[in-house]
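1. Here is a sequence together with a model predicted from it:
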Amino acid sequence: MKSTIPTIEAMSKIKVVALYFWGRSGTLLMHSLLDSHPEVLNLPSLMLMSFHHEQWEEINKYNSLEQRLDAFIRLNIASFDGKQDINNCGFENLGPNKNTCLSVDQALFKKYMHEILQGISDQNSPRKYFFIAAHFAYALARGEDISTKKVLLYHLHSSNDLTRIGNVFADFPDMLSLGMLRHPLRGFNSHIRAARTMASKNSSDARLREAYMSVLNTDYRTHYKHQLVGWTTVQRKYPHAPFLEVQLEQLHENPRREMERVASFLNIAWNDSLLESTFNGLAFWADTSARNAINGFSVQHTKYEDWQDNFDTIDTLVLNGLLKKFVEKHGYGKVSRKTRLLLPLLILKPSKLELEALRKGGLLRLPFIINNILARYIFSYLYLVGYPIDCSEGYLAELERKFWKGARIFVRSLTSPEFKS
């Protein structure tokens, strides 16, 4: 028998778990593995990651609940209609034959939201309980039994925006966190491949479909800094928050062992659905920019070597050298003392893709490309000396502004009469 509408007390007992990526490291796979567990609430959407900042600001503009619900659905439309998935998550191609589109009745969702929220006043943390209520209403609209739900999976995906993350922790101070990680060069290469795929689909400019331009137009340095920072900003900001690392390679090689670790961390019972990759109970075949459309696990999926097409030996030494502790901790190799000593010089060499962009980008693109390379230098050196790097664009823009201001002051001091004398 399906359970009745949840009370505010029942919603207050839900444990929230955040899911973060380190570059492209398998968060959609982890999300899909938790999708059908009877104790887990979730919405199959990457757009929801902006709920605690941009989305709530938009939703909260409206006075009537009906208008708020319409805004929520509009902002998370892929959770209700897979054909409108702008993130290319593959929600159109679900099911055993990859021909079923994700679909949930919007009217039914709104009906349950009205019933859940009618007993909750504006004094009861409206953002927090709207968010939780949306997950219960979504589950009810799908016909799920909500009486067994204990955990709410929040696919925050990126830890870039600490304001957003701070809002989440304000609502859920005892939140758990799952962090996905993988081989840094393969993760970086996967980001680049996804950028190319998006550029080829969305651009009418033939030049943008070329590898070197598609990378730089999606901001090469953004993908680079993801590999340096990952989700460490969250751990640094909230050091006492429980955090479980899951290595993508190990998940594919030992799925039962890794998912047992996850179940134990979340305090949910073992269920064989934890070995099934689904969204809304339908077989999931990876996002549309993935190397191979697979459902579930493949040892070979994480061992391809063509990442070397985009990185030369120096690129590899630089990224591995900067990430020495990460690389060695997770078994991705050893970094020699010589490499670490040479890093200040090695960083200065433009990467293979940056050199290609300089050769082919043209004069109009040259300032943009050079600015990207210089920005990469800045946070590479700061990271090398142990300066805490934040991935948010606003933070990096301010960092770059301070750097160039300092550089100008230094140059002026060298040319001043006092220095010459």
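-> The structure has been received and is ready for your questions. Only a predicted model underlies this, so the values are computations on that prediction, with no experimental measurement involved.

2. Show me how the record splits this protein into domains.
-> Listed by automatic domain parsing, the domain ranges of the chain are 8-183+229-301, 304-415.

3. Where among those is average confidence lowest?
-> Looking at these, the lowest mean pLDDT belongs to domain 304-415 (a mean of 84).

4. okay if I get the domains of the chain as a markdown table plus distance to Tyr220?
-> (Glycine included, C-beta is placed from N, CA and C.) A markdown table is the format used below for those (distance: least, C-beta to C-beta, whole Å):
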| stretch | distance to Tyr220 |
| --- | --- |
| domain 8-183+229-301 | 13 |
| domain 304-415 | 6 |
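
5. Minimum distance to Thr222: which of the ones you listed has it?
-> Ranking the domains of the chain by their distance to Thr222 (criterion: C-beta to C-beta) puts domain 304-415 first, at 7.9 Å.

6. how about the nearest residue to Arg221, chain neighbours excluded?
-> Arg376 (4.7 Å; C-beta to C-beta, 6 or more residues apart in numbering).

7. Over to Lys13?
-> Lys150 (7.7 Å).

8. Lys349 now?
-> If the residues on either side of it in the chain are set aside, Lys349 comes closest to Ile314, at 5.2 Å by C-beta to C-beta, 6+ apart.

9. and what of Trp307?
-> Asn189 (3.7 Å).

10. what residues does whichever helix or strand Leu228 is part of touch?
-> Element membership for Leu228 (DSSP states H and E) is helix 220-229. For helix 220-229, the external contacting residues (C-beta atoms under 8 Å, 6 or more residues apart in numbering) are 21-23, 159, 184, 187-188, 191-192, 195, 215, 319, 322-323, 351, 353-354, 357, 372, 375-376, 379-380, 383, 389-391, 393, 396.

11. Inside helices: which ones of the residues you listed?
-> When DSSP state H is applied, the contacts of helix 220-229 are split such that 184, 187-188, 191-192, 195, 215, 319, 322, 353-354, 357, 372, 375-376, 379-380, 383, 393, 396 fall in helices.

12. So which residue is smack in the middle of the chain?
-> The structure's the chain has its C-alpha centroid closest to His157; by C-alpha atoms, centre = their mean the separation is 2.8 Å.

13. Angles on the backbone of that one, please.
-> Torsion angles at His157 (phi, psi; degrees, to the nearest 10) stand at phi 70, psi -70.

14. and it, what are its bridge partners?
-> With DSSP bridges as the criterion, His157 is bridged to Tyr20.

15. So it sits against Ser45, correct?
-> No - assessed by C-beta atoms under 8 Å, His157 is found out of contact with Ser45, at 10.2 Å.

16. Check which residues of stretch 336-350 are buried.
-> For stretch 336-350, a neighbour-count test (16 or more other C-beta atoms under 10 Å) marks Thr339, Leu343, Leu346, Ile347, Pro350 as buried.

17. I'd like these laid out as JSON lines, including secondary structure and distance to Tyr112.
-> Formatted as JSON lines, the buried residues of stretch 336-350 follow (DSSP: H, G, I helix; E, B strand; the rest coil; distance: C-beta to C-beta, whole Å):
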{"residue": "Thr339", "secondary structure": "helix", "distance to Tyr112": "57"}
{"residue": "Leu343", "secondary structure": "helix", "distance to Tyr112": "55"}
{"residue": "Leu346", "secondary structure": "helix", "distance to Tyr112": "57"}
{"residue": "Ile347", "secondary structure": "coil", "distance to Tyr112": "54"}
{"residue": "Pro350", "secondary structure": "coil", "distance to Tyr112": "55"}
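
18. Okay, the residue nearest to Trp307 and Arg196: tell me how far apart.
-> Note on Asn189: its distance to Arg196, by C-beta to C-beta, to the nearest Å, is 11 Å.

19. where along the stretch 51-200 of the chain do the helices fall?
-> Listed in chain order, the helices of the stretch 51-200 of the chain (DSSP state H, counting those that start in this stretch) span 56-59, 65-75, 106-117, 126-141, 162-171, 184-202.

20. got the contact list for Asn189?
-> Counting by C-beta under 8 Å, 6+ apart, Asn189 touches Asp306, Trp307, Asn310, Phe311.

21. hmm, I was thinking of Ser25
-> Met180, Leu181, Arg182, Gly187, Leu248.

22. Can you give me the separation between it and Gly333?
-> In terms of C-beta to C-beta, Ser25 sits 17 Å off from Gly333.

23. Gly361 too?
-> For Gly361, the distance to Gly333 (C-beta to C-beta) stands at 32 Å.

24. Leu29 now?
-> 24 Å.

25. what's the closest non-adjacent residue to Thr339?
-> Nearest in space to Thr339, with sequence neighbours left out and distances taken as C-beta to C-beta, 6+ apart, is Gly321 at 4.7 Å.

26. Please verify my assumption that the one you found contacts Pro344.
-> No - between Gly321 and Pro344 there is no contact under C-beta under 8 Å: 10.1 Å.

27. Next, count neighbours for Glu258.
-> Neighbours of Glu258 under the rule other C-beta atoms under 10 Å: 21.

28. That one belongs to a helix?
-> Yes - under the criterion used here (DSSP: H, G, I helix; E, B strand; the rest coil), Glu258 sits inside a helix.
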